[in-house]
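**Q** fold the following and give me the result.
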Amino acid sequence: MPALDEVSLDVNRGEVLGIIGESGCGKSTLANAVLGLLQSKATIEGEIRFGERDLLRLSHAELRRIRGREVSIIPQEPALWLNPVLRVLTQISEVLTAHLPLSRKERHERVTYLLHEVGFDQPARICDAYPHQLSGGERQRVVIAQALACDPTLLVADEPTTKLDAPLRLEIIDLLSKVRETREITILFISHDLMLLSALADRVAVMYAGRLVEIGTLREVFRRPLHPYMQALRRVAHSSFDDPAITKQEFPIISEVSSNPVRTGCMFEARCPERMAICVERPPQEVAPEPERSVSCFKYGG
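**A** Numbers count the residues shown, from 1 in each chain. Next up, the predicted model:
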């Protein structure tokens, strides 16, 4: 079974497109595919268009010139992304050296500016620090500064708040909101947290088992989801563990996955409370039941 199957979407200039789905649905694979970071044995059919260029048709050297300069990534594991034996100044400067004709002094000034932009009051201290001397939140801000170093057009944020506690997650979302406003940057924001997406995204694409099952504006998808999977995610997200009226048996859940993950029909069929006979026969096709919305579910045709 492919990690991604018939995934097709557009990201408009200046918008934040959120990708939502549970772990293992293919969100990070999508992010790595955009940046050409998949393992060498991985194969991709189709196109990944960035402006007028198909990234899949570029040479390795051409892709390296784009990656970090025009398209950047904020990883979900900054501790693994950062080199443990290099100071922060060196690691951000390497990105600048690779793409911009700056002097050593100009690079230092640029790094100081970037660290201040992402919220450090004492950028000089961060410049001299090694990754292990920083907290998790500080490391996350460093990789955001690194991603922004060359003023990219597209920023791929791959679950950038996964390892952070709740207050730090909100700080990072607030930072990305400010970056979007000041730089007019396009962001592909990948997350499994509906509440974080609601604070940042303009549109939402819902993924399940490597396929896109619903796409629409944030307001419409969250207010009135069409696909049964998104409806289930919304029910779970809006329930409160602190509500004494909710018992363990009553708390909404999404039923377990069937023991057979290989299907000829809809991948969500075994977990869907609204499944029909046709759902086991073939996968549903994408349809547009409303303006600016698409969904892959036999309830709406397809």
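**Q** and stretch 50-61, how far apart are its ends?
**A** With Cα to Cα, to the nearest Å as the measure, the ends of stretch 50-61 fall 16 Å from one another.
**Q** buried residues, it. List them.
**A** 50, 55, 58 (16 or more other Cβ atoms under 10 Å). For every residue, glycine as well, the C-beta is placed using N, CA and C.
**Q** so for that stretch, mean pLDDT?
**A** Averaging pLDDT along stretch 50-61 gives 92.
**Q** residue 155 should be in a strand, yeah?
**A** Yes: per DSSP: H, G, I helix; E, B strand; the rest coil, residue 155 lies within a strand segment.
**Q** quick one: the closest residue to it other than its chain neighbours from residue 229, how far?
**A** Distances taken as Cβ to Cβ, 6 or more residues apart in numbering place residue 187 nearest to residue 155, at 4.9 Å, with adjacent residues excluded. Look at residue 187 and residue 229: by Cβ to Cβ, to the nearest Å, they are 24 Å apart.
**Q** who's more crowded, the two?
**A** residue 229 (27 against 24; other Cβ atoms under 10 Å).
**Q** the more buried one against residue 209, yeah?
**A** No: Residue 229 is beyond contact range of residue 209, at 9.4 Å (criterion: Cβ atoms under 8 Å).
**Q** anything in contact with each of these two?
**A** Shared contacts of residue 229 and residue 209 (Cβ atoms under 8 Å, 6 or more residues apart in numbering): residue 268.
**Q** tell me which residues are up against the lengthiest helix in the chain.
**A** Scanning the chain for the helix with the most residues, using DSSP state H, yields helix 166-183. Helix 166-183 is contacted from outside by 16, 117-119, 136-137, 140-141, 144, 148, 151, 155, 157, 160-161, 164, 185, 187, 189, 193, 196, 199-200, using Cβ under 8 Å, 6+ apart.
**Q** so for it, what's the average pLDDT?
**A** Here the average pLDDT along helix 166-183 is 92.
**Q** state the next helix or strand along the chain beyond that helix.
**A** Using DSSP states H and E, the helix or strand that follows helix 166-183 towards the C-terminus is strand 186-191.
**Q** distance from the next helix or strand after that next one to the middle of the chain?
**A** Counting by DSSP H and E, the next helix or strand C-terminal to strand 186-191 is helix 194-198. Centroid separation for helix 194-198 versus its chain: 12 Å, with Cα atoms, centre = their mean, to the nearest Å.
**Q** just the residues contacting stretch 94-113, thanks.
**A** So stretch 94-113 is contacted by 64-65, 68-69, 88-89, 92-93, 123-124, 127, 145-146, 149-150 (Cβ under 8 Å, 6+ apart).
**Q** what do you get for stretch 66-73?
**A** 31, 34-37, 50, 53, 55, 58, 95, 98-99, 146-150, 152-158.
**Q** in helices, which of those residues fall?
**A** Secondary structure from DSSP H places 31, 34, 95, 98-99, 146-148 of the contacts of stretch 66-73 in helices.
**Q** for ChimeraX, write a command that selects the buried ones of those residues.
**A** Selection command for ChimeraX covering only the buried members of the ones in helices among the contacts of stretch 66-73, criterion 16+ other Cβ under 10 Å:
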select :31,34,95,99,146,147,148
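**Q** where exactly do the strands run in the stretch 151-300 of the chain?
**A** Applying DSSP state E, counting those that start in this stretch to the stretch 151-300 of the chain gives strands spanning 154-158, 186-191, 203-208, 211-217, 287-290, 293-295.
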